[in-house]
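J.: I'll drop the sequence and a predicted model, then ask my questions.
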Amino acid sequence: MSSVPVISLKNVVKVYPLPAGDVTALRGISLDIMEGEFVAIMGPSGSGKSTLLNQIGSLDVPTSGDLFIAGRNIREMNDDELTDMRRDTIGYIFQKFNLIPLLTLYENVEYPLILKYGKRDTTGRPIELLRMVGLEGSMIEHKPTEISGGQQQRVAIARALANDPKILLCDEPTGNLDSKTSEQIMDLLTDLNRQGRTIIMVTHNPETAEYAHRTIVIRDGRIAL
Amino acid sequence: MTGNVIFDLSVRNVRRHFLRSFLAAIGIVIGVIAITSLGIMGANLTLSITATLSENSDIIKVSPGGGPDGGGPGFGGGGGSDEEEYLDESQLKDIKQAASPNTVIPVYSESDTITVGDLEGRATVYGLDPDDIATLLTVANGTFLKSTSTALVGPTLAERYELKIGSRITIGDEDSDEGTSTVRVAGILEERGMTYDISTDNAIVVSDRWFTGFYGGEGEYSEVIVKLDDINDVDAVEEAIDDQLNRKEDEVTISDASRMMDSITSSISTIISMMMGIGAISLLVASVSIFNVMMMSVTERIKEIGILRSIGTRRSVVRRMFLYEAFILGMLGAVVGGILSMIIGYLVVLVMIGTTDYFFTFDSLIYIPYGIAVGIVVCVLSGVYPAWSAANLDPIEALATE
């Protein structure tokens, strides 16, 4: 773990303007996450933890305050820059896996590489990543719907790693998996963290949160713990 | 750049909903067939008429009276108001001088009653110098005029009255001043079809001497034909004649086949564009169905778009993905439509025009790539809004969609 914050939030406020009145989802969050950390974000539903994850994931920008990711303030970025940030610096792992149904497992992992380099992969990286998460052989030519949830999540992790991102964002990564499979996925994430990757994980499951070095509890749009 | 995989995704999506895509493409097929076959038909019609008329494009016609409206009654003729207008010897001399060295053919003509056996009817009688007849006309059967009492007849007339070489035709009405006279058929003329100078298919051609002997009015020509040696001289000769005769007042009207051709081709093209416009409505309907299919595709794939966006797909790429999809539908529909319209166009031309001589020409077949291009453009245009709306989805909301 280094002392350089790879993610830094300074008084981040997020307001959603709605017809019935503004909804303030984040009420001034300040937070530093160091490179190589494994952070769990917990909190009841509606607390703002998903909003926080969306900000860190560059899917959305704060209404006020500053949010630095790998040294860049995302509040000053346009849509294409945010998109490139998601492609290159952040790896997403979703509760529902979110693989692209039209692509094979191999193509799902290859896809971020194509986005980045503008051509089909010739380095063999997708196969390597799939092997690392435990999938190989003719299996990788299947479509996502043809495999189990645990396997889909493995493919999703391989896809998240395709462009070697500094940060892995996991939104309830084990929420749709049984306990045995959950354990395997968490072991995989722990391994990745040991190799130096920063992991931020939203979960409501205290057992899952135990894998993290640090747990941040969000309540009512503020850091409670 | 990322084209291949994005294009691939679009292809796969079209295949995923094969029936739906297929039905949408059928609309384009029909639209393209409609405009392309109509375009081909128009081109063939124009080409066949132009070809017929351009055989006469070396002809200038000089008719009495000023202006294309004939100058109205009582104008220019100089004689009594009930007298027909004509061109006189001095005008003919002027024309000959102006048109020199081209061949100038003065024509007498009259419409009269003719009797063959028991059959009675009317026909145009042309009086021409026997030398000019050889210049202007071709005999299909028999010979040119052998004496003043012989005549040549057009093929339509010959058929109608069952005329053969040697048949006798009585020209004129017994009750009229001129009385009647009988001529013998020396030859039957070759069919000339649509012509600009004189229409001989349904007429009798006699010598000028017989004509003036029977009708009188020597030196009173109903029209003068100038047959050019070189087609490119049309404008120069017309101008010369105009200078010579119409300086003080409009004595004559000068016209040529190209003007008639222009007016015919322009009316054909007006009709065809109107019909193509109607055909284009079917393309419009097709574009609505493409639009619908594209919107459905976007709505169904909101979640997928959310995933693509969240893992780093730029808006422009998402937009392109949907435009490709519209392009694929348009391409399939338009190419199939193009191929079918070649077959259907051929049949339409065969049935409606009767000749496919001009079908395999550039002017006719150009409508196929043209129709295909229009089909594709229409498709891509109807994909613009769906693609734009897909690209502008909020990734978070899109991801939250089930």
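T.: All right, it came through fine. Predicted model only: the values in this text are computed from it and were never measured.
J.: Which positions within stretch A:123-132 qualify as buried?
T.: For stretch A:123-132, the neighbour count (16 or more other C-beta atoms under 10 Å in any protein chain shown) marks A:125-127, A:129-130, A:132 as buried. C-beta coordinates here come from the backbone N, C-alpha and C atoms, glycine included.
J.: Can you narrow the residues you listed down to the ones near chain B?
T.: Subset of the buried residues of stretch A:123-132 in contact with chain B: empty, counting by C-beta under 8 Å from any C-beta of the partner chain.
J.: Tell me the one of the residues you listed nearest residue A:10?
T.: residue A:129 (34.5 Å; C-beta to C-beta).
J.: Flag every residue of chain A that's near chain B.
T.: Residues of chain A lying near chain B (C-beta under 8 Å from any C-beta): A:54, A:57, A:59-60, A:79-80, A:83-84, A:86-88, A:92, A:94, A:98-103, A:107, A:110-112, A:114-116, A:118-120, A:159-160, A:163.
J.: how many neighbours does whichever residue of the stretch 301-402 of chain B sits closest to chain A have?
T.: Minimum separation of the stretch 301-402 of chain B from chain A (C-beta to the nearest C-beta) falls at residue B:312, amounting to 2.4 Å. The local packing of residue B:312 (other C-beta atoms under 10 Å in any protein chain shown) involves 26 other residues.
J.: Which residues are in contact with it?
T.: A:83-84, A:86-88, A:112, A:115-116, A:163 (C-beta atoms under 8 Å, 6 or more residues apart in numbering or on different chains).
J.: Could you say which helix or strand holds it?
T.: Following DSSP states H and E, there is no helix or strand that holds residue B:312.
J.: Which helix runs longest in chain A?
T.: helix A:179-194 (DSSP state H).
J.: contacting residues around that one?
T.: Applying C-beta under 8 Å, 6+ apart, the contact partners of helix A:179-194 are A:36, A:38, A:93, A:133, A:148-150, A:153-154, A:157, A:161, A:168, A:170, A:173-174, A:177, A:199, A:201, A:208, A:211.
J.: let's see 6 Å
T.: A:38, A:150, A:153, A:173-174, A:199, A:211 (C-beta atoms under 6 Å, 6 or more residues apart in numbering or on different chains).
J.: try stretch B:285-298
T.: B:20, B:24, B:27-28, B:31, B:326, B:329, B:378-379, B:382-383, B:386, B:390.
J.: where does residue 130 land on pLDDT?
T.: Picking chain A for this. Per-residue confidence (pLDDT) for residue A:130: 95.
J.: hmm, I had chain B in mind actually
T.: At residue B:130, pLDDT is 88.
J.: That one: what's it in contact with?
T.: So residue B:130 contacts B:145, B:207 (C-beta under 6 Å, 6+ apart).
J.: distance of it from chain A?
T.: 84 Å (C-beta to the nearest C-beta, to the nearest Å).
J.: Work out which residue lies at the spatial centre of chain B.
T.: The residue lying closest to the centre of chain B (C-alpha atoms, centre = their mean) is residue B:46, at 2.7 Å.
J.: Tell me which helix or strand it sits in.
T.: Assigned by DSSP H and E, residue B:46 falls in helix B:18-54.
J.: Pull out the buried positions in that helix.
T.: Neighbour-count burial for helix B:18-54 flags B:20-21, B:24-50, B:52-53 (criterion: 16+ other C-beta under 10 Å).
J.: Tell me if that helix is near chain A.
T.: No: using C-beta under 6 Å from any C-beta of the partner chain, helix B:18-54 stays clear of chain A, coming no nearer than 13.6 Å.
J.: now whichever helix or strand comes after that helix, how far from the centre of its chain.
T.: Going down the chain from helix B:18-54, the next helix or strand is strand B:59-64, by DSSP H and E. How far strand B:59-64 lies from its chain's middle: 23 Å, per C-alpha atoms, centre = their mean, to the nearest Å.
J.: Now the residue in chain A positioned nearest to chain B: closest residue in space that isn't a chain neighbour?
T.: When scored by C-beta to the nearest C-beta, chain A has residue A:87 as its residue closest to chain B, at 2.4 Å. Using C-beta to C-beta, 6 or more residues apart in numbering or on different chains and skipping the chain neighbours, the partner closest in space to residue A:87 is residue B:312 (2.4 Å).
J.: for the helix holding residue B:46, what is the average pLDDT?
T.: 87.
J.: same for it, what does it pack against?
T.: Here helix B:18-54 touches helix B:257-300, helix B:315-352, helix B:362-365, helix B:367-391, going by 3 or more C-beta pairs under 6 Å, 6 or more residues apart in numbering or on different chains; DSSP states H and E.
J.: Helices of chain A, start to end?
T.: Using DSSP H, helices in chain A cover A:49-56, A:79-88, A:105-117, A:125-132, A:149-161, A:179-194, A:206-209.
J.: Of all those, which one is nearest residue B:281?
T.: Of all the helices of chain A, helix A:79-88 comes closest under C-beta to C-beta, at 39.2 Å.
J.: pLDDT (mean, whole number) over the closest one?
T.: Mean per-residue pLDDT for helix A:79-88: 95.
J.: same deal with stretch A:106-126?
T.: Computed over stretch A:106-126, the average pLDDT equals 92.
J.: go on, stretch A:53-65?
T.: Mean per-residue pLDDT for stretch A:53-65: 93.
J.: Show me what counts as buried in that stretch.
T.: Buried residues in stretch A:53-65 (16+ other C-beta under 10 Å): A:53-63, A:65.
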